[in-house]
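Novice: got a structure for you, letters missing:
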């Protein structure tokens with residue numbers, strides 16, 4: 001199994017509930033549409049001590065499935081329309097378990 005963790009900092013003018021809900025709905029809606037994607041969750045309600053605004057936690061069957069996810073048209077659509085336009089910083093950690 002491969003875990004794919006992303007942390008985003010939103011652009012200040014887009015750091016609102018509507019944008020966060022769009023990211024969450026879009027990404028979590030990919031479950032069942034992309035082969036090898038086993039689990040996907042988006043956290044949008046961090047504690048005051050957080051320095052990121054949105055977190056993606058996802059699990060894939062293997063590294064190949066993660067690579068296919070990154071270019072899958074459904075994922076690309078969500079990323080281009082609900083994520084990238086609103087984020088200023090992205091950090092990623094991928095690892096095998």
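Specialist: Structure's in. What do you need? Everything numeric in this text was worked out from a predicted model, so none of it was measured. Numbers count the residues shown, from 1 in each chain.
Novice: quick one: contacts for residue 35?
Specialist: The neighbours of residue 35, taking C-beta atoms under 8 Å, 6 or more residues apart in numbering as the test, are 65, 68. C-beta here means a position set from N, CA and C on the backbone, and glycine is covered the same way.
Novice: most residues in a single helix of this structure, which one?
Specialist: helix 17-28 (DSSP state H).
Novice: what helix or strand is the most centrally placed residue in the chain on?
Specialist: Among the residues of the chain, the one closest to the centroid is residue 56, at 3.9 Å (C-alpha atoms, centre = their mean). Using DSSP states H and E, the element containing residue 56 is strand 54-60.
Novice: Now do that strand: which elements does it pack against?
Specialist: If you count contacts as 3 or more C-beta pairs under 8 Å, 6 or more residues apart in numbering; DSSP states H and E, strand 54-60 packs onto strand 2-10, helix 17-28, strand 37-43, helix 63-71.
Novice: List the buried residues in it.
Specialist: Buried residues in strand 54-60, counted by 16 or more other C-beta atoms under 10 Å: 54-56, 58-60.
Novice: count of residues packed around residue 1?
Specialist: 12 (other C-beta atoms under 10 Å).
Novice: what sits against it?
Specialist: Residues near residue 1 by C-beta under 8 Å, 6+ apart: 38, 59-62, 96-97.
Novice: Greatest separation within those residues: which pair is it?
Specialist: Across these, the longest distance by C-beta to C-beta is 13.4 Å; it joins 38 and 96.
Novice: The two: who's more crowded?
Specialist: Set residue 38 next to residue 96 and count neighbours by other C-beta under 10 Å: residue 38 wins out with 13 against 9.
Novice: on that earlier part again, quick one: residues in contact with the strand holding residue 56.
Specialist: Residues contacting strand 54-60 (C-beta under 8 Å, 6+ apart): 1-8, 10, 20, 23-24, 27, 36-44, 46, 66, 69, 87.
Novice: average model confidence for that strand?
Specialist: The predicted model assigns strand 54-60 a mean pLDDT of 98.
Novice: how big is the angle separating it from helix 63-71?
Specialist: Angle, strand 54-60 to helix 63-71, by axes from the mean of the first three to the mean of the last three C-alpha atoms, to 10 degrees: 140 degrees.
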